[in-house]
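Student: Here is a sequence with its predicted model. Questions after.
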Amino acid sequence: MSGVIGDILSVDFHWMLNTSHGADYFRRWHSQKKFSNGLMCHKACHHFDLVNWWLSAVPVSVYATGKREFYTPQTARRFGLQGPHERCHTCPEKSACGFELDLARSADLKALYLDNEQYDGYFRDRCVFRPEIDIEDTMNVIVGYDNKVTLSYSVNAFNAWEGYVIAFNGTKGRLEHKAEESVYISNDGSVPGALKPDGTYIRVYPLRTPGYSVDVWTGAGGHGGGDDVMLDDIFGADPKPDKYLRNADQRSGAYGCLIGIAANICFQTGQPVKVAELTGEVGYPDYPAMPKRTDPVPMPRKT
């Protein structure tokens, strides 16, 4: 918003899901497209909406590729396992598997899932190498925006650390941001998405002058402090004014989802998708004002 890196021309955004949280999607109901539509739609409200908001722009075109190459029976063999088996709880090889989830070891997971299997029949700890998994674990997406910015995005669900690296490339320089998250498994009682101070930074690299670090805003609680901000905005008696307009409306939510939907279509067809062809009139979200570009670019602002 300050214009410190000039007009943004492109964005490189890479998200890493580790073998704790990332693997967890392949144990649960998320692991089958008929229930979840895959990680593209699941992450649309975590990743794509962020880029749209950072750019104050909406997507126009999407091209994507995706595959499942890690969470497979073949990978189990690479780790010296004879499986896959049905689930961790009854697995004969669980002591030798680094992906074991012991539901009985966590009081929260035991109370929520293991103790209730007799009623709902739901196994929370299915093997991550099962052949019936049909969601992708490796995804790459290219998005073209209405302000001519191009996004290059990737998400991999089997990395050694959790978090993201993003870079904004502008006419006056480059801004890099890294956010590394702590290890957690959903519903295990730990704070989801808590940031590691030593793994989080922002650096600005102006053209032809030395780069410098910028202090990162910090917050306590889940998702880097974002959970409390969101809950206060929804349920607080007196929500505070926010010049950054972080509270997403239904239009910004729709555009985040549409990128994920378009990516899934690309996975099937191998062809780029025009976002406008997927839906009727959405309307332009309430995004914060950005500096006017030095070269005029049409910016339709639909209401």
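Tutor: That came through fine.
Student: For R208, give me its contacts.
Tutor: By Cβ atoms under 8 Å, 6 or more residues apart in numbering, the contact list for R208 is empty. C-betas here are computed from N, CA, C, even on glycine.
Student: tell me which residues in the worst-scoring helix or strand of the chain on mean pLDDT are buried?
Tutor: In the chain, the helix or strand scored least confidently by mean pLDDT, DSSP states H and E is helix 226-235, which has a mean of 84. Of all the residues in helix 226-235, those buried under the rule 16 or more other Cβ atoms under 10 Å are 227, 229.
Student: what's the next secondary structure element after it?
Tutor: The helix or strand immediately downstream of helix 226-235 is helix 250-269, counting by DSSP states H and E.
Student: Give me the residues contacting that following helix.
Tutor: Residues contacting helix 250-269 (Cβ under 8 Å, 6+ apart): 37-38, 40-45, 48-49, 52-53, 58-59, 62-66, 136, 139, 141, 143, 248, 272-273, 275, 278-279, 282-287.
Student: mind redoing it with 6 Å?
Tutor: 40-41, 44-45, 48-49, 52, 58-59, 62-64, 66, 141, 273, 275, 278, 282-283, 285 (Cβ atoms under 6 Å, 6 or more residues apart in numbering).
Student: how deep is the residue lying closest to C266 once chain neighbours are set aside tucked in, by neighbour count?
Tutor: Sequence neighbours aside, A64 is the residue nearest to C266 in space, at 4.0 Å (criterion: Cβ to Cβ, 6 or more residues apart in numbering). Counted with other Cβ atoms under 10 Å, the neighbours of A64 add up to 23.
Student: looking at this, A64 is in a strand?
Tutor: Yes: looking at A64 with DSSP: H, G, I helix; E, B strand; the rest coil, it is inside a strand.
Student: For it, name its beta-bridge partners.
Tutor: Following DSSP bridges, A64 is listed with bridge partners V141.
Student: What pLDDT does the model give it?
Tutor: A64 carries a pLDDT value of 98.
Student: for it, what are its contacts?
Tutor: Contacts of A64 (Cβ under 6 Å, 6+ apart): 141, 263, 266.
Student: the helices in this structure, which residues?
Tutor: 21-24, 33-36, 38-42, 48-55, 73-78, 107-112, 117-120, 226-235, 250-269 (DSSP state H).
Student: what's the least confident stretch among the ones you listed?
Tutor: Among these, helix 226-235 scores lowest, with a mean of 84.
Student: what packs against that one?
Tutor: Packed against helix 226-235 by the contact rule (3 or more Cβ pairs under 6 Å, 6 or more residues apart in numbering; DSSP states H and E) you find no helix or strand.
Student: hang on, the earlier thing: switch the helices of the chain over to a markdown table; also include distance to G219.
Tutor: Shown next, in a markdown table, are the helices of the chain (distance: least, Cβ to Cβ, whole Å):
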| stretch | distance to G219 |
| --- | --- |
| helix 21-24 | 19 |
| helix 33-36 | 29 |
| helix 38-42 | 23 |
| helix 48-55 | 15 |
| helix 73-78 | 37 |
| helix 107-112 | 23 |
| helix 117-120 | 35 |
| helix 226-235 | 7 |
| helix 250-269 | 21 |
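Student: just to revisit the earlier point, touching the least confident helix or strand of the chain from outside, list them.
Tutor: 221, 239, 247.
Student: Roughly how far does the second one sit from Q250?
Tutor: According to Cβ to Cβ, to the nearest Å, P239 stands 17 Å off from Q250.
Student: And for the first one?
Tutor: In this structure, G221 and Q250 are separated by 25 Å, where distance is defined by Cβ to Cβ.
Student: between those two, who's got more neighbours?
Tutor: Neighbours were counted for G221 and for Q250 using other Cβ under 10 Å; G221 has more, 15 against 9.
Student: How about the more buried one: what's its closest non-neighbour residue?
Tutor: Among residues not flanking G221 along the chain, D228 sits closest, at 4.8 Å (Cβ to Cβ, 6+ apart).
Student: Tell me how far the one you found lies from R246.
Tutor: On the measure of Cβ to Cβ, D228 and R246 end up 12 Å apart.
Student: Cool, thanks, signing off.
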